[in-house]
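missing the sequence, but the structure's below:
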C-alpha cells in the first residue's frame, strides 16, 4: 500500500510545464477556428444578415448589402441607444440620412442634450419592405411631450406642456410662422389660386357658356390619362368620354398612398391620426393644366415651382439657341 510520500513521488515535478503547453495549443486552435469562422461569416455576408433586425424598406433595398450607407461603425443610429453614454459615443448617423433626405433639426436649442432626437428616433427601418417610415408611434412624441417642461431647456414653452393622445388632450392645430400662429378657423389661406369646386366637379369641367367639356382624350400624358380612366364612374373610359372628377380624385388619406402589402402581409388598419394628403400640381393638376410651351414645332413642359427668372433661363436654354441658329442660317 502506497503512502503519501510514495504517491507524491509518482507525480513529475515539471508537470505544470507540460500542462501549460497543452493549454497553449488548445487556446491557439480555438483562436484559429474562431478567426476562420469570423472571416467566412463576414466574407459571405452572413454576419450582416444575422445582425439585421429585419428587412429594410423597399425604398432602401438598393443599399441592402451596403450597411455603411446608413450606418457608422460603433455609432448608434437611434439617439436613445444605450451606447450614447458609453465611451463618449453617441454621434448618430443623421448626416448619412441627410445625404438623401434634407430636413431641419427637431426643435433646435430647445431640447435637453439627453433628449435630442435623431432621424432614426422616429423613423425606424428594418421593419419590412412595405412598412411606412413616416408613420411613427405616439410614444415617439409623448415620451417628451407628455411632460415637456422636464425635457425642454426653455423656461417659457411655446408648445403645449402636456400632450398624451391626439384624441384626448392635443390642442387644435394652428397655422402660420412661429410667434404669429392663428387657429385654423381664423387663419388665411396663403395660396393665390382661385379654385372653384363647382366647376371642377361638373361633368366635363365645363365653364359657363361652353358647349363641350373636357374629354379624357384631351389629357396628353398617357400615364395620367390611364389613372383618370380607371377612376371614371360607370366605366366611361373612352377617349371621347367627358372627365368626371370626384372627391377622391384630389383628396386621399395616408393608407391610399402607402405601398401595397407584401406576401403574407395585410393592409394596415387606418389609424385615428390619419390626415388627408396635400393636393399637388404634379399629381392632381397637370393632367388638365400642363405647363407646356411650343416654339417652331417643338413642345416642352416647364417644371413647376420655378421662379420667373429661372423660367426665362429654362426657356432660353430650350428654345433660344434654335432661334439663334435660324437667324444665322438666314
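Received, thanks. In this text the structure is predicted, and so the values were computed from the model without any measurement.

Helices along the stretch 101-250 of the chain, start to end?
119-122, 139-145, 148-151, 197-201, 222-230 (DSSP state H, counting those that start in this stretch).

how about those in a markdown table, adding distance to residue 59?
All C-beta spots, glycine's among them, are computed from the backbone N, C-alpha and C. Shown next, in a markdown table, are those (distance: least, Cβ to Cβ, whole Å):
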| stretch | distance to residue 59 |
| --- | --- |
| helix 119-122 | 14 |
| helix 139-145 | 20 |
| helix 148-151 | 31 |
| helix 197-201 | 32 |
| helix 222-230 | 20 |
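
Can you tell me which of these is most buried?
helix 119-122 (a mean of 20; mean count of other Cβ atoms under 10 Å).

what about it, distance to the chain center?
Distance of helix 119-122 from the chain centroid (Cα atoms, centre = their mean, to the nearest Å) equals 11 Å.

could you pull out the strands for this structure?
Remark: strands assigned in the chain by DSSP state E are 174-175, 182-183, 292-295, 298-301.

and among those, the most buried is which?
Sort those by mean neighbour count, taking mean count of other Cβ under 10 Å, and strand 174-175 sits at the top with a mean of 14.

Tell me which strands that one pairs with, and in which orientation.
strand 182-183 (antiparallel) (DSSP bridges).

returning to that earlier point: could you dump the strands of the chain to TSV with mean pLDDT?
Putting these into TSV (pLDDT from 0 to 100) gives the following:
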stretch	mean pLDDT
strand 174-175	78
strand 182-183	78
strand 292-295	80
strand 298-301	80
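
residue ranges with poor pLDDT in this structure?
Applying pLDDT under 70 to the chain flags the ranges 1-4, 8-22, 38-51, 78-92, 178, 254-275, 296, 321-330.

Would you check how far apart the residue lying closest to residue 281 once chain neighbours are set aside and residue 194 are?
Excluding its sequence neighbours, the residue lying closest to residue 281 (Cβ to Cβ, 6 or more residues apart in numbering) is residue 304, at 4.8 Å. Remark: distance between residue 304 and residue 194 (Cβ to Cβ, to the nearest Å) = 18 Å.

of the two, who's got more company?
Set residue 304 next to residue 194 and count neighbours by other Cβ atoms under 10 Å: residue 304 wins out with 12 against 5.

Take the strands of the chain and lay them out in TSV including distance to residue 100.
Compiled in TSV, the strands of the chain are given as follows (distance: least, Cβ to Cβ, whole Å):
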stretch	distance to residue 100
strand 174-175	29
strand 182-183	35
strand 292-295	31
strand 298-301	26
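
and of those strands, who's closest to residue 281?
Smallest distance to residue 281 across those (Cβ to Cβ): 11.5 Å, for strand 298-301.

And the contacts of the closest one?
286, 290-293, 318-319, 322 (Cβ atoms under 8 Å, 6 or more residues apart in numbering).

Can you tell me which of those has the most neighbours?
Neighbour max across these (other Cβ under 10 Å) = residue 286, 18 neighbours.

Does it touch residue 305 like I think?
No - Residue 286 lies out of contact with residue 305 (Cβ atoms under 8 Å); the separation is 11.9 Å.

how close does residue 317 get to residue 304?
17 Å.

er, residue 100 I mean
For residue 100, the distance to residue 304 equals 22 Å [Cβ to Cβ].

Can you name the residues that contact the residue nearest to residue 281?
281-282, 286, 291.

Same question for residue 100.
Contact partners of residue 100, counting by Cβ under 8 Å, 6+ apart, are absent.

In the record's domain split, what are the boundaries for the protein?
Under automatic domain parsing, the residue ranges defining each domain of the chain are 16-49, 56-179, 286-316.

Of those domains, which is nearest residue 220?
Residue 220 lies closest to domain 286-316 among the domains of the chain, at 6.2 Å (Cβ to Cβ).

Surely residue 112 and residue 153 touch.
Yes - if you go by Cβ under 8 Å, residue 112 and residue 153 touch, sitting 5.7 Å apart.

Could you tell me how many residues sit around residue 116?
Residues near residue 116, counting by other Cβ under 10 Å: 20.

quick one: it from residue 212, how far?
For residue 116 relative to residue 212 (Cβ to Cβ), the value is 60 Å.

about what we covered before: with distance to residue 236 as added columns, please give the contacts of strand 298-301 in TSV.
Output for these, formatted as TSV (distance: Cβ to Cβ, whole Å):
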residue	distance to residue 236
286	22
290	23
291	28
292	26
293	32
318	37
319	38
322	41
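
Thank you, goodbye.
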